[in-house]
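Sequence first, then the predicted structure:
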Amino acid sequence: MNAQAQKVATPAGEQSHTSPRKVSGAEALILSLLAEGVDTIFGYPGGAIMPVYDSLYHYTDQVNHILTRHEQGATHAAQGYARLAKKAGVCFATSGPGATNLITGIADAQIDSTPLVCITGQVASHLLGSDAFQETDIIGISNPVTKWNFQVTRAEEIPATIAKAFYIAQNGRPGPVLIDITKDAQFGVLDFEYKKCEKIRSYRPVPQLNQGQVLQAAQLINQAQKPMILMGQGVSLAEAENDLQTFVEKTGIPVASTLLGLSSFSTHHPLYVGFLGMHGNYGPNIKTNEADLLIAVGMRFDDRVTGDLSRYAQQAKVIHIEIDPAEIDKNVKADVPVIGDAKEALQALLPLVKARSHQDWLKEFDNCQKVENEKVVSKTMQPSTPKLKMAEVVQALSDQTKGKAVIVTDVGQHQMIASRYYQFDQPNSNITSGGLGTMGFALPAAMGAKIARSDREVVAIIGDGGFQMTAQELGTLMQYQIPVKMIILNNSFLGMVRQWQELFFDRRYSFTEMVNPDFVALAKSFHIGAQRVEERNQLGEGLQNMLAHQGSFLLEVVVEKETNVFPMVPTGESISNIRLE
Amino acid sequence: MEQEQFTVTVFSEDNIGLLNRITDIFTRRKINIDSLTTSASETEGIFRFTVVISTTLANVKRIVKQLEKQVEVLKAFYYDEEDIIFQEVALYKISTQALAQSKAVEKIIRANYARILTVEPEFMVIEKTGHESETQDLFEQLKPYGILSFVRSGRVAIAKPMKRLSSYLAELGQTL
């Protein structure tokens, strides 16, 4: 691509100018966003960003602004949007508390590699450092949780800074960028001209594949007797789902997925062996410690996947396909690092690997699954208890949506159950807060996801605790008529913490029991359809009602209060010591 | 693994706020920075940070990758003491009377190859360049004569390998 000046949009009724025209910094910001193809902004106005909102007022025919009910909701919505739209989500917030309220979402986006461009207003530059009203050092605060950030104090800096922000957020390993714009820069006047950023001399987003590494990797793959693929979000970020499938089908290597990798490979595929990690499947966890080769694709060996590192896959050679060189040898030593884009790497490997099958090895996974079915799944799927179990709900949803819905989960037991039992059959169908584990993520994220892909069924599965952390976003669903489906799996407990208290703290349920509001009445107060399901025989119909409903809908399912998610690798344990009960 | 002292050199864009991002990488891992020096490099527009830390080899390797991960960092390196020539500057303020009263101070200055920068009626300033152990040694020798003030700079270091920054960047497909 050439670094040609972009033709920019103008307010309705005005002529488009080919030569630079004089605009305010605030208008330059909006024009820059339009030049980047931004169609949706999630935000919340306030004093220091008012000039921007005033400019936005003239462009509402060209860009959609969603007024969330809290800035945290704006960031999570932008995350949900980014994951499905495959481009940066955009947020606006004012200075001070508006800016600090973004931080949780930004931190979540940083650890889960989600591209965001967050714009904050800032007090006028002459007031910087004076403890002015709603002044906070958001650059300092956001440093550790942003891929890049920058404070703009002059209007002329705006177009190039925004161009750089999008380039950085969206290229290489994606991440959040924060641009703080002082109020005087928003009012200032500049000659507007927009050039997309195509290169930054200090940043190489996609390292070039090293052919030597690729050859070594292929050699290891061709020699391996018990190889296993660990698939992470890098597959979906590289849009390499098909390449992975082709590679897997040629090599016959079983595939396991991290939490964020889920849905990038069909759960129905015969070579899919399950979900890795603390509450993952039995087979892929224990077989990690028996494999002779691990092929990690776009994943970062998080501690929830590895358990005790000193007892993790010590017997295996490791090939680590990863775009971010800083991930190589960070947690697990790679025998062969393949640094680069997952798609390019898989395509480069494909002609070098032999067509094989690993039937005996696969059978070992099948045997593990039989054990898991007997000890875990059967108990949670055909329960003898009167109360519903979370897994039954997820299974029923999976059946009714044929594994094709976008599942947005919050954090806790319901998240692990949804990840274990939803049978994903389409890529880009799993949105969750993985690395940061942010309760309150799901409702706003589902909102953003639905806006990005109105053609997809978006179902948020949320616990009763997490729902109440961002429940005010029901107001946003109402105002903009965003047809998101919500399932609250209500056990009147902070279930995962309770589970740990039961298992590791002698059942001292310290502040985990919740007295909850009437969720159905709450939803109805926002004019959102709602229904409560308490009996097993109501579940199917409840789900049908939810899915058939035209607008947003909340289905509260009252589930058994005290159940545990198994399997479980206790913290600090080896994955070989995964507990089934 | 054993802790060792490493000198980390970082070449970066000259931007406000980058210092914080760089120090965050150490502080987040609870690694104390023994010394930190920033200055322009031989290449115009490129800033150079020299950071001295004590940590394990495995950690310093991870840290260098995290430094390079920063968008505005061009390249980072780590060195052990064998790989670099390094110096620090120390300034000692002592009373002029101490020099006048005893021959000893003059002897100490000569023996340490230190030099006197200024002599005022009340005080004088001595400068010594060297490794930390050397400047510390001089500190101990002058101590009995009353040190009014003492300051030591961060480490500045030049790597022994002849490869230049620009050739590293060329390998990365970048130009300055």
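That came in fine, so what should we check first?

how many neighbours does residue 60 have?
Picked chain A for this. A:T60 sits with 11 neighbouring residues when counted by other CB atoms under 10 Å in any protein chain shown. In this view, the C-beta of every residue, glycine as well, is placed from N, C-alpha and C.

meant chain B, my bad for not saying
Residues contacting B:V60 under the criterion other CB under 10 Å number 21.

quick one: which helix or strand includes the closest residue in space to B:Y113 that isn't next to it in sequence?
Nearest non-adjacent residue to B:Y113, counting by CB to CB, 6 or more residues apart in numbering or on different chains: B:K128, 7.6 Å away. Per DSSP states H and E, B:K128 falls inside strand B:123-130.

Listing request: residues of chain B with sub-threshold pLDDT.
B:166, B:169-176 (pLDDT under 70).

Quick check: the residue of it nearest chain A.
Residue of chain B nearest chain A, by CB to the nearest CB: B:K65 (4.0 Å).

Could you look up the SS state of that residue?
Under DSSP: H, G, I helix; E, B strand; the rest coil, the three-state class of B:K65 is helix.

Now for it: which residues touch it?
By CB atoms under 8 Å, 6 or more residues apart in numbering or on different chains, B:K65 lies in contact with A:325-326, A:328, A:330.

rewinding a little: can you list the neighbours in contact with the strand holding B:K128?
With contact meaning CB under 8 Å, 6+ apart, strand B:123-130 is reached by B:87-96, B:99, B:109, B:112-118, B:134-135, B:138, B:142, B:148.

Now list the buried members of these.
Buried subset of the contacts of strand B:123-130 (neighbour count, 16 or more other CB atoms under 10 Å in any protein chain shown): B:88, B:90, B:92-95, B:99, B:109, B:112, B:114, B:134-135, B:138, B:142.

Pipe the residues you listed into JSON lines and attach distance to chain A and secondary structure per row.
Output for the buried ones among the contacts of strand B:123-130, formatted as JSON lines (distance: CB to the nearest CB, whole Å; DSSP: H, G, I helix; E, B strand; the rest coil):
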{"residue": "B:E88", "distance to chain A": "29", "secondary structure": "strand"}
{"residue": "B:A90", "distance to chain A": "32", "secondary structure": "strand"}
{"residue": "B:Y92", "distance to chain A": "35", "secondary structure": "strand"}
{"residue": "B:K93", "distance to chain A": "32", "secondary structure": "strand"}
{"residue": "B:I94", "distance to chain A": "38", "secondary structure": "strand"}
{"residue": "B:S95", "distance to chain A": "39", "secondary structure": "strand"}
{"residue": "B:L99", "distance to chain A": "44", "secondary structure": "helix"}
{"residue": "B:I109", "distance to chain A": "44", "secondary structure": "helix"}
{"residue": "B:N112", "distance to chain A": "42", "secondary structure": "coil"}
{"residue": "B:A114", "distance to chain A": "40", "secondary structure": "coil"}
{"residue": "B:E134", "distance to chain A": "36", "secondary structure": "helix"}
{"residue": "B:T135", "distance to chain A": "33", "secondary structure": "helix"}
{"residue": "B:L138", "distance to chain A": "38", "secondary structure": "helix"}
{"residue": "B:L142", "distance to chain A": "40", "secondary structure": "helix"}
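
Can you name the residues that contact the residue located most distally from the centre of chain B?
If you look at how far each residue of chain B sits from its centre, by CA atoms, centre = their mean, the farthest one is B:Q101, at 34.5 Å. Counting by CB under 8 Å, 6+ apart, B:Q101 makes contact with nothing.

What of A:A348?
Contacts for A:A348 (CB under 8 Å, 6+ apart) come out as A:209, A:211, A:214.

Neighbour-wise, give me the winner out of these.
A:V214 (20 neighbours).

hey, what's B:T7 bridged with?
In this entry, B:T7 is beta-bridged to B:V52, B:Y79, by DSSP bridges.

Of all the residues in the stretch 201-350 of chain A, which one is nearest chain B?
Chain B sits closest to A:A326 of the stretch 201-350 of chain A, with a gap of 4.0 Å, by CB to the nearest CB.

which residue packs closest to that residue, ignoring adjacent ones?
Nearest-residue entry for A:A326: B:K65, 4.0 Å, with adjacent residues in sequence omitted and distances by CB to CB, 6+ apart.

From A:S398, how far off is the one you found?
Distance of B:K65 to A:S398, given as CB to CB, to the nearest Å: 40 Å.

and what of A:P227?
Remark: distance between A:P227 and A:S398 (CB to CB) = 29 Å.

Which one's more surrounded, these two?
Neighbours per residue, other CB under 10 Å: of A:P227 and A:S398, the larger number sits with A:P227, 24 against 20.

How about the contacts made by the more buried one?
Neighbours of A:P227 in contact, by CB under 8 Å, 6+ apart: A:221, A:251, A:253-254, A:291-295, A:358, A:361.

now, which of the residues you listed lie within helices?
Using DSSP state H, the members of those that fall within helices are A:221, A:251, A:361.

would you turn these into TSV with distance to A:G542, neighbour count and pLDDT?
Shown next, in TSV, are the ones in helices among the contacts of A:P227 (distance: CB to CB, whole Å; neighbours: other CB atoms under 10 Å in any protein chain shown; pLDDT from 0 to 100):
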residue	distance to A:G542	neighbour count	pLDDT
A:I221	47	23	98
A:T251	43	24	98
A:W361	42	21	98
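
Pretty sure A:V338 sits in a strand.
Yes. Per three-state DSSP, A:V338 lies within a strand segment.

State the distance spanning the first to the last residue of stretch A:251-264.
Taking CA to CA, to the nearest Å, stretch A:251-264 runs 18 Å from one end to the other.

ok so, going back, now the contacts of A:P227 as a markdown table including distance to B:K30?
Shown next, in a markdown table, are the contacts of A:P227 (distance: CB to CB, whole Å):
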| residue | distance to B:K30 |
| --- | --- |
| A:I221 | 39 |
| A:T251 | 42 |
| A:I253 | 40 |
| A:P254 | 39 |
| A:A291 | 34 |
| A:D292 | 37 |
| A:L293 | 35 |
| A:L294 | 30 |
| A:I295 | 34 |
| A:H358 | 44 |
| A:W361 | 42 |
